[in-house]
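Student: pasting a predicted model and its sequence here:
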Amino acid sequence: MPTDVLTKEELLKLADPTLGGTIGETMAAPEADRFSADDEKFIKFHGIYQQDDRDLRKTGKKYIMMIRARITGGIIPAEQYLAFDRLADLHANQTLRITSRQTFQWHGVVKSGLGPLMKGLNEALCSTIAACGDVNRNVLAPSTPSTSPLADLVQADARRVSDALLPQTKAYHEIWVNGGPLKLAPEQKLAFEDPLYGRSYLPRKFKVAFAIPPLNDTDIFANCLGFSAVADPANPARLLGYNVLCGGGLGMSHGNEATFPRAADVLGFIPAARVVATAKAVMIAFRDHGDRTNRKHARLKYVLADKGPDWFRAEVEQRAGFKLEPARATVFTKQGDLFGWHRQSDGRWFLGMYVETGRIKDTPERRLKTALRDIVAEFRPEVRLTTTQNLILAGIPEEQREAINRRLADHGVPVDRQVAQVRLNSMACVSMPTCGLALAESERVFPQLLDQFEALFAELGLGDEDIVVRMTGCPNGCARPYMAEIGLVGRAPGKYNLHLGGAAASTRVNRIYRESVKFDDIIAELRPLLARWKQERLPGERFGEFVDRAVLPPASSPTKGAA
């Protein structure tokens, strides 16, 4: 239950609202291999997590950093991608990690390499500010080019919202661009107040997503704030506005029933011109009413759960200065990415590419990192990242397609049938050995689990069925397992809670089916359910729908889907 005592994080923000801490001083001290405990909190606002290699703990901690970029909608120009690739080789672990929020992470960065990497990102016209911390995070938007006439308009609105919600502290520029600490007296630091966030910023992180029905490719119901595009029925290329969704979020804690994943509520409709004002009003309402005494109860979803959507709508309208209209009729029917070659509306082509667990790297069999670097350097396509941790090469002329196919084949990267269907919509978080919150493995064991799924499908005669499978090493849910048809959530070393019954359109939270299932027993738990699904399903019924209807007890709340 909430108390009257502010959390340590809240007191830290109030003590230094610039978010500068002593980060600049530590960067200037070559003998220091890590940041202080207080600065460990502050650097998150700068897009940096301090971690250690947990595989090496028996011989002593080796401190490393994870850096996350801010890339609205996942769109990356060719030259910027090449810079990202170089920085991964020079200062990180020679890989690029696509996140579930359409951006890149660099892993394994030691403190001496942090300054050069951040400098390189800024020289590539990329920032990491507010990619983490108690602020608005990277804004999601549909990444597949020109599959809807609204795509460019929605991407533009996503950028407007992202820019409008940026914090205004000068600490980031001073430390990472000018290369020194923020030169303010203590009383000046204490007096700083962000014009939007105030002196203590938000109670917890804040996530925004845009989507275009019927494709829910950004998991919009899992976000604090969602904008669901509404087209003019008489002119599908005309954007009327957005249905506004609030209160989604997936993090929870094992054994704490007061914490839970939650799908967003639809609050109403706004004209497109009011999207920035609405985003600010929702975030300010969260700033003013979020719980600052209990970090586990501090997300916007708990404000909606405790107060109700009608109450929160009134708070948003008061801050926005206008009323939300009744929501317009739209429905999401599916989620996921497109793979292989597809024509854009401008006549050019894009290539959807599967990236296993989002990790762009070279292996002896598949040299994906080298292939992408060579293709981007020669053909200059735009790179787009998806929320399912895959990648798109966009804006490719017809005459370049065959050469790109050959280049990929030379590096062992298939184009037509890239992997089995069960892998295409799969996701796993990073987990071990770098995430300090991990309770069980995820990325490192997920390919093995998918191999077992493929074998099980063959055994049961299920062919190339499509099931959304997601795994995380802890209950924070970074790979959104609670929206999946099959979600695996780390409980302890080698053990996972098994969640089932998510919707094909990723519009509802699934439910727990078994707790503490050993990794080696996952397939045995699922075999009889998959066999039943094959025999008993309704025409066209997906596994998640079948489990929700025929296996799990009746849900306490109705299925969502309209937005």
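Tutor: Received it, and whenever you're ready, just let me know what you need.
Student: only C-alpha atoms for contact and neighbour calcs from this point on.
Tutor: OK.
Student: outline the domain layout of the chain.
Tutor: 1-8+135-169+189-336, 340-420, 423-551 (automatic domain parsing).
Student: what values do phi and psi take at residue 522?
Tutor: As for residue 522, its main-chain torsions (degrees, to the nearest 10) stand at phi -60, psi -50.
Student: count of residues packed around it?
Tutor: Neighbourhood size, residue 522 [other Cα atoms under 10 Å]: 19.
Student: about what we covered before: pipe the domains of the chain into JSON lines and attach mean pLDDT per row.
Tutor: Shown next, in JSON lines, are these (pLDDT from 0 to 100):
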{"stretch": "domain 1-8+135-169+189-336", "mean pLDDT": "96"}
{"stretch": "domain 340-420", "mean pLDDT": "97"}
{"stretch": "domain 423-551", "mean pLDDT": "97"}
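Student: nearest to residue 110, of those?
Tutor: Relative to residue 110, the nearest member of the domains of the chain by Cα to Cα is domain 423-551, separated by 12.4 Å.
Student: could you work out the end-to-end span of the closest one for me?
Tutor: By Cα to Cα, to the nearest Å, the extent of domain 423-551 from end to end equals 24 Å.
Student: check stretch 220-227 too.
Tutor: Stretch 220-227 has an end-to-end distance of 8 Å (criterion: Cα to Cα).
Student: re the thing from before, can you redo the domains of the chain as JSON lines with distance to residue 122?
Tutor: Formatted as JSON lines, these follow (distance: least, Cα to Cα, whole Å):
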{"stretch": "domain 1-8+135-169+189-336", "distance to residue 122": "16"}
{"stretch": "domain 340-420", "distance to residue 122": "18"}
{"stretch": "domain 423-551", "distance to residue 122": "25"}
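Student: so after the longest strand along the chain, what's the next helix or strand?
Tutor: For the chain, the strand with the greatest residue count under DSSP state E is strand 235-246. The helix or strand immediately downstream of strand 235-246 is strand 265-271, counting by DSSP states H and E.
Student: helices or strands next to that next one in the packing?
Tutor: In terms of contacts (3 or more Cα pairs under 8 Å, 6 or more residues apart in numbering; DSSP states H and E), strand 265-271 is packed against strand 235-246, helix 309-320.
Student: for the ones you listed, give me TSV that also has mean neighbour count and distance to residue 169.
Tutor: Putting those into TSV (neighbours: other Cα atoms under 10 Å; distance: least, Cα to Cα, whole Å) gives the following:
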stretch	mean neighbour count	distance to residue 169
strand 235-246	20	27
helix 309-320	17	23
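Student: strand partners of the longest strand of the chain, parallel vs antiparallel please.
Tutor: strand 225-232 (antiparallel), strand 265-271 (antiparallel) (DSSP bridges).
Student: right, and those - which one's nearest residue 392?
Tutor: Of the strands paired with strand 235-246, nearest to residue 392 by Cα to Cα is strand 225-232, at 22.0 Å.
Student: which of the residues in the closest one are buried?
Tutor: Neighbour counts using 16 or more other Cα atoms under 10 Å place 225, 226, 227, 228, 229, 230, 231 of strand 225-232 among the buried residues.
Student: which of the residues you listed sits closest to residue 178?
Tutor: The nearest one, if we look at the buried residues of strand 225-232 relative to residue 178 and count by Cα to Cα, is residue 225, at 34.1 Å.
Student: hang on, isn't that closest one packed against residue 248?
Tutor: Yes. The pair residue 225 and residue 248 qualifies as a contact (Cα atoms under 8 Å) at a distance of 7.2 Å.
Student: need the overlap of contacts for those two.
Tutor: Both residue 225 and residue 248 are in contact with residue 264, where contact means Cα atoms under 8 Å, 6 or more residues apart in numbering.
Student: now the element after the helix or strand hosting residue 532, going C-ward?
Tutor: Per DSSP H and E, residue 532 falls inside helix 522-536. Toward the C-terminal end, the helix or strand that comes next after helix 522-536 (DSSP H and E) is helix 543-546.
Student: quick check: the gap between the residue nearest the centre of the chain and residue 172.
Tutor: Taking Cα atoms, centre = their mean, the centroid of the chain lies closest to residue 101, which sits 2.6 Å from it. Between residue 101 and residue 172 the distance is 22 Å, computed by Cα to Cα.
Student: list the contacts of the closest residue to residue 28 other than its chain neighbours.
Tutor: Once flanking residues are discounted, residue 28 sits nearest to residue 180: 7.3 Å by Cα to Cα, 6 or more residues apart in numbering. For residue 180, the contacting residues are 24, 25, 27, 28, 174, by Cα under 8 Å, 6+ apart.
Student: distance to residue 473 added to the residues you listed, as a markdown table?
Tutor: Output for the contacts of residue 180, formatted as a markdown table (distance: Cα to Cα, whole Å):
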| residue | distance to residue 473 |
| --- | --- |
| 24 | 33 |
| 25 | 34 |
| 27 | 31 |
| 28 | 35 |
| 174 | 36 |
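Student: out of those, which are buried?
Tutor: Burial by neighbour count, 16+ other Cα under 10 Å: within the contacts of residue 180 this picks out 24, 27, 174.
Student: ok, those vs residue 298, which is closest?
Tutor: residue 24 (29.3 Å).
Student: where's the closest one, which helix or strand?
Tutor: Element membership for residue 24, per DSSP H and E: helix 23-27.
Student: which residues does that helix contact?
Tutor: Residues outside helix 23-27 that contact it (Cα under 8 Å, 6+ apart) are 32, 34-35, 39, 42-43, 111, 115, 175, 179-182.
Student: go on, stretch 311-322?
Tutor: For stretch 311-322, contacts defined as Cα under 8 Å, 6+ apart pick out 267, 277, 278, 280, 281, 282, 284, 285, 303, 304, 323, 324.
Student: packing partners of the helix or strand just after the helix holding residue 24?
Tutor: Sequence order places helix 37-45 as the next helix or strand after helix 23-27, per DSSP H and E. Here helix 37-45 touches helix 23-27, strand 48-52, going by 3+ Cα pairs under 8 Å, 6+ apart.
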